[in-house]
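Student: Quick check, what structure comes out for this input:
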Amino acid sequence: MDEKRIGRVLEKMEGAGLSQLLVTDPLSIGYLTGAYIYPGERMLALLLRADKAHRFFVNALFPAPGCGIPVTRFSDTDDGPAEILPYLDREKPLGVDKTWPARFLIRLIELGAASGYVNGSPCVDWVRAVKDADEQEKMRRSSAVNDACMAEFVKAVHIGATEKELEQKFIEIYAAHGCEGVSFTPIVGFGKNAADPHHGNDGTKLEKGMCVLLDVGGVYGGYCSDMTRTFFTAPPTPEEEKVYNLVKAANEAAEAIIKPGVRLCDIDAAARKVIAGAGYGEAFYHRLGHFIGLEDHEYGDVSSAFDRPVEPGMCFSIEPGIYLEGKFGVRIEDLVIVTETGCEVLNRYPKDLTVLEL
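Tutor: This next block holds a predicted model:
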């Protein structure tokens, strides 16, 4: 059990007026207790209480977590939510994890388990959002591996290659670098396919003159990396060069203002101002970034929807893009960690305009 992390969650619970919280996301449970259990369709829950009378609820199919928290075991034929009932204060509201399946929550509601039910996930999410020193070092290492992999990815790009072929090659390169897997399926976009921010790789073959967008990340030491670079296979057209330089300027403008106290929405606005000011505002239609750590997309957006001030230890992406349907697209993405005085850009792979020699 990580008492410091659980203590931080209890502080968030107090601020939210909650005395009891069910954490059911396996990664969040592992983050707090060191016990990583993946229950499939079976119920798994960690009850956190303000009075520290915490309790684990684990199906007997799985080993009992040895983390210093009392455990209630149950079988497949038991009523799992009913096992939680004796440990709840039915006169008070209950915080519930946003990932908990409705079949368990509805049953708990039927049992009259609490006076009300609220999404309690932010109590854990905002703790996970601020990486401790060990997590920050793991994010640095994971990003360094991603930089090294990107250098190999670029060498693997060749005329006639398909997006799907490179996807598989990149996965093999991550494995060769000791990654446990990929953060997400690598995105490979050639030419007009790069204008689709979440393009599904297909059989498109690379031809001379196409741009090449690579959005890639691997899982190393349990932590995710994520980076996007866009390349050209011939000298860019005036419009391609203009768009590339705008996206790079937007990326750098956002990174330049990051420091404790600056709001997430203002970081988004700094990048958007550069692109909109050049007349491409409608071609940048996604958030500027997302939080990252144990998962590639964790709670928290660098967008107009979040006015939360950033804190030292927060780790998120900065990934502006311009997408011109039917023509081409450019995205440049780095990961950053907020420091006491600014931010540390984790990706060292160059982002100057590059024409690949193919």
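
Student: Contacts only, for the most centrally placed residue in the chain.
Tutor: Closest residue to the average C-alpha location of the chain: His297 at 2.1 Å, with C-alpha atoms, centre = their mean. Taking C-beta atoms under 8 Å, 6 or more residues apart in numbering, we find His297 in contact with His290, Phe291. No exception for glycine: its C-beta is placed from N, CA and C like everyone else's.

Student: Apart from its chain neighbours, what residue comes closest to Asp132?
Tutor: Nearest non-adjacent residue to Asp132, counting by C-beta to C-beta, 6 or more residues apart in numbering: Gly313, 6.8 Å away.

Student: what about the one you found, distance to Ile267?
Tutor: 16 Å (C-beta to C-beta, to the nearest Å).

Student: Tell me which of the two has more neighbours.
Tutor: For Gly313 versus Ile267, neighbours defined as other C-beta atoms under 10 Å are more numerous around Ile267 (27 against 17).

Student: Show me what the nearest residue to Ile258 once chain neighbours are set aside bridges to in the sheet.
Tutor: In this structure, Ile258 finds its nearest non-sequential neighbour in Cys343, 3.9 Å apart by C-beta to C-beta, 6+ apart. Here Cys343 sits in beta bridges with Val338, going by DSSP bridges.

Student: My guess is Cys343 contacts Lys259. True?
Tutor: Yes - if you go by C-beta atoms under 8 Å, Cys343 and Lys259 touch, sitting 6.9 Å apart.

Student: Which of these two has more residues huddled nearby?
Tutor: Set side by side, Cys343 and Lys259 show more neighbours around Cys343, with 26 against 16, by other C-beta under 10 Å.

Student: residues near Lys155, how many?
Tutor: Neighbour number of Lys155 under other C-beta under 10 Å is 10.

Student: try Met139
Tutor: Neighbour count for Met139, taken as other C-beta under 10 Å: 24.

Student: hang on, it in a strand?
Tutor: No - counting by DSSP: H, G, I helix; E, B strand; the rest coil, Met139 falls outside a strand, being helix.

Student: Quick one: the strands in the stretch 1-150 of the chain, in order.
Tutor: Secondary structure of the stretch 1-150 of the chain by DSSP state E, counting those that start in this stretch: the strands cover 20-23, 44-49, 55-59, 71-74, 94-96, 117-119.

Student: which residues sit against the third one?
Tutor: Which is strand 55-59. Contact with strand 55-59 is made by 33, 35, 37, 39, 42-47, 49, 64-65, 67, 69-76, 80, 83-84, 87, as judged by C-beta under 8 Å, 6+ apart.

Student: And the second one, by the same measure?
Tutor: Counting by C-beta under 8 Å, 6+ apart, the neighbours of strand 44-49 from elsewhere in the structure are 6, 9-10, 13, 19-24, 26, 29, 32-33, 37, 54-59, 62, 69, 84, 87-88, 100, 104.

Student: In ChimeraX, how would I select the buried members of these?
Tutor: Buried residues among those (16 or more other C-beta atoms under 10 Å), as a ChimeraX selection:
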select :6,9,10,13,19,20,21,22,23,24,26,29,32,33,37,54,55,56,57,58,59,69,84,87,88,100,104
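
Student: contacts for stretch 24-34?
Tutor: Against stretch 24-34 from outside (C-beta under 8 Å, 6+ apart): 1-2, 5-6, 9, 23, 35-39, 43-46, 56, 65, 67, 69, 96-100, 104, 121, 124, 128, 294-295.

Student: Next step: the residues you listed restricted to helices.
Tutor: Among the contacts of stretch 24-34, the ones falling in helices (DSSP state H) are Arg5, Ile6, Val9, Phe104, Val124, Arg128.

Student: Quick check: the second one vs Pro70, distance?
Tutor: For Ile6, the distance to Pro70 under the criterion C-beta to C-beta works out to 14 Å.

Student: Do you know the pLDDT at Pro86?
Tutor: Pro86 is assigned a predicted lDDT (pLDDT) of 97.

Student: okay, now it: neighbour count?
Tutor: Residues contacting Pro86 under the criterion other C-beta under 10 Å number 8.

Student: tell me the phi and psi of the residue nearest to Leu88 when sequence neighbours are not counted?
Tutor: Distances taken as C-beta to C-beta, 6+ apart place Ala113 nearest to Leu88, at 5.2 Å, with adjacent residues excluded. Phi and psi for Ala113, reported as degrees, to the nearest 10, are phi -70, psi -20.

Student: Give me the number of neighbouring residues for Ala113.
Tutor: 22.

Student: One more: Lys164?
Tutor: Lys164: 14 surrounding residues under other C-beta under 10 Å.

Student: what packs against whichever strand or helix holds it?
Tutor: Per DSSP states H and E: Lys164 is located in helix 163-176. Other elements packing on helix 163-176 under the criterion 3 or more C-beta pairs under 8 Å, 6 or more residues apart in numbering; DSSP states H and E are helix 133-156, strand 181-182, strand 187-190.

Student: As a markdown table, these with distance to Arg229 and mean pLDDT would be great.
Tutor: Output for the helices and strands packed on helix 163-176, formatted as a markdown table (distance: least, C-beta to C-beta, whole Å; pLDDT from 0 to 100):
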| stretch | distance to Arg229 | mean pLDDT |
| --- | --- | --- |
| helix 133-156 | 7 | 98 |
| strand 181-182 | 16 | 98 |
| strand 187-190 | 11 | 98 |
